[in-house]
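Colleague: sequence below, structure please.
(2 chains)
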2 protein chains.
Amino acid sequence: MTETLTPPSTSLAVGDDVADLLFRAARTTSLFTDEPVTDEQLDAAWNLAKFGPTAMNTLPLRVLVVRTPEARERLATHMADGNKDRVRNAPVSLVLAADPAFHEHMDHLFPAIPGIKDQLAPATETREAMARKSALIQAGYLIVGLRAAGLAAGPMDGMDFEGTDAEFFGENGWKSLLVVNVGHAEGEGSPYPRAPRLTFDQVAEVL
Amino acid sequence: MTETLTPPSTSLAVGDDVADLLFRAARTTSLFTDEPVTDEQLDAAWNLAKFGPTAMNTLPLRVLVVRTPEARERLATHMADGNKDRVRNAPVSLVLAADPAFHEHMDHLFPAIPGIKDQLAPATETREAMARKSALIQAGYLIVGLRAAGLAAGPMDGMDFEGTDAEFFGENGWKSLLVVNVGHAEGEGSPYPRAPRLTFDQVAEVL
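Modeller: Numbering: from 1, shown residues only, chains lettered A, B, ... in the order given. Okay, here's the model as predicted:
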């Protein structure tokens, strides 16, 4: 709990403990304990996030789970200088990516339009734009889902995306979007005080 | 509860009621009751979502709250045919948008780099790409936040984005990303059965 926390709200359908765990007390984590992250925990997080809505139920988010020292060293090479050690020191790093070939699953995922898979097949650029858009929204769901699974998440955007894609995604064609370090937070999980936020009045207009 | 729900997990840090409310039983809602959505409820949802991490704490998501019949008719004009009545029939519609001028707040939001506002000012294209990326991740946070505030959310991507921007954002320069109808669900909130999802094995690779 820090002084920047929002006061308890009477307008929530979840308890203050849940609001704190998922949002108000959760930090972008860069300090992790040695406690490992299990496959079951990642699966549990996905089994929440997968239900979040995507355009035409495309579900284009893909996840490269980077566990071994060799793999994390390969990933660190493509991170911005300030993020290399964050990858090396996290129990697990996830490369979140968009899959432009999401249409391969569409006859199963969106039966409302029979043959949608074949209709989308020639539209390469459209598919990549669709994949990037919904996958980013899914990244939001997954970060909350990881926290709901009892894990701390440290998303990072400072990286060489093209280099990462060439390193890991030459065959499957995934497009990297961000890296999320995952583990259990040491203390507050961050050496920095929480940065300010904008109020609803500052971001909203009403008609 | 439907047969497609994930079985209760022992790996969650939240109760099954919360997991159902935020993810497993939540649907893309198009059927709403007449119960209004209060300003306090929208504020409560934002006061959760605002804490979600964004690149350099840019917080570029903006929200146009469409309440009046006149405003919703203006918005309906720019929606795909199948989405026009969804806007007309929802208690409130939110146009989620990215603000390329997010840098105006950066000296306050990211004090770690003094003068970051002025550094970003000339980089128009970079700012718009940054804004779109983090705002989409924030859209994921906000959809979960709306549910945590006891509201049902119906996000929609089928719309004329350029027309919407010209209609509403000619002065502030916001870029529309999607529309989210908000209210209280009538029944399950959707006339359709829940569509399938992909398992973690289907979306993940492990190194």
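
Colleague: tell me the phi and psi of the closest residue to chain B within chain A?
Modeller: Going by C-beta to the nearest C-beta, chain B is nearest to residue A:140 of chain A, at 1.9 Å. (Each C-beta comes from the backbone N, C-alpha and C, glycine too.) Residue A:140 adopts backbone torsions of phi -60, psi -50, taken as degrees, to the nearest 10.

Colleague: which residues does it contact?
Modeller: A:52, B:52, B:136-144 (C-beta atoms under 8 Å, 6 or more residues apart in numbering or on different chains).

Colleague: show me how far the helix or strand containing residue A:137 is from its chain's centre.
Modeller: Per DSSP states H and E, residue A:137 falls inside helix A:124-148. Centre-to-centre, helix A:124-148 and its host chain are 8 Å apart (C-alpha atoms, centre = their mean, to the nearest Å).

Colleague: low-confidence ranges, chain A, go.
Modeller: Applying pLDDT under 70 to chain A flags residues A:1-10.

Colleague: quick revisit: contacts for whichever helix or strand comes after the helix holding residue A:137, please.
Modeller: Counting by DSSP H and E, the next helix or strand C-terminal to helix A:124-148 is strand A:152-156. If you take C-beta under 8 Å, 6+ apart as the criterion, strand A:152-156 is touched by A:26-30, A:32, A:79-80, A:83, A:86, A:90, A:139, A:143, A:146-147, A:178-185, A:189, B:53, B:137.

Colleague: repeat that for 7 Å
Modeller: Identification of contacts with strand A:152-156 by C-beta atoms under 7 Å, 6 or more residues apart in numbering or on different chains yields A:28-30, A:32, A:83, A:86, A:90, A:143, A:146-147, A:178-185, A:189, B:53.

Colleague: mark which of those are part of helices, please.
Modeller: A:83, A:86, A:143, A:146-147 (DSSP state H).

Colleague: near chain B, list only the ones from the residues you listed.
Modeller: residue A:143 (C-beta under 7 Å from any C-beta of the partner chain).

Colleague: what's the farthest-apart pair in the ones in helices among the contacts of strand A:152-156?
Modeller: A:83 and A:147 (20.5 Å; C-beta to C-beta).

Colleague: strands of chain A, start to end?
Modeller: Counting by DSSP state E, chain A has strands at residues A:61-66, A:92-98, A:152-156, A:175-183, A:204-206.

Colleague: dump these into a markdown table; add mean neighbour count and distance to residue A:115 as well.
Modeller: Putting the strands of chain A into a markdown table (neighbours: other C-beta atoms under 10 Å in any protein chain shown; distance: least, C-beta to C-beta, whole Å) gives the following:
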| stretch | mean neighbour count | distance to residue A:115 |
| --- | --- | --- |
| strand A:61-66 | 24 | 24 |
| strand A:92-98 | 26 | 23 |
| strand A:152-156 | 25 | 37 |
| strand A:175-183 | 24 | 25 |
| strand A:204-206 | 16 | 41 |
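
Colleague: what would those look like in CSV with distance to residue B:102?
Modeller: Formatted as CSV, the strands of chain A follow (distance: least, C-beta to C-beta, whole Å):
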stretch, distance to residue B:102
strand A:61-66, 24
strand A:92-98, 22
strand A:152-156, 17
strand A:175-183, 18
strand A:204-206, 14
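
Colleague: residue A:44: which of these is closest?
Modeller: Of the strands of chain A, nearest to residue A:44 by C-beta to C-beta is strand A:175-183, at 12.2 Å.

Colleague: which elements pack onto the closest one?
Modeller: helix A:81-89, strand A:92-98, helix A:124-148, strand A:152-156, helix A:161-168 (3 or more C-beta pairs under 7 Å, 6 or more residues apart in numbering or on different chains; DSSP states H and E).

Colleague: list the strands paired with that strand, with their directions.
Modeller: strand A:92-98 (antiparallel), strand A:152-156 (antiparallel) (DSSP bridges).
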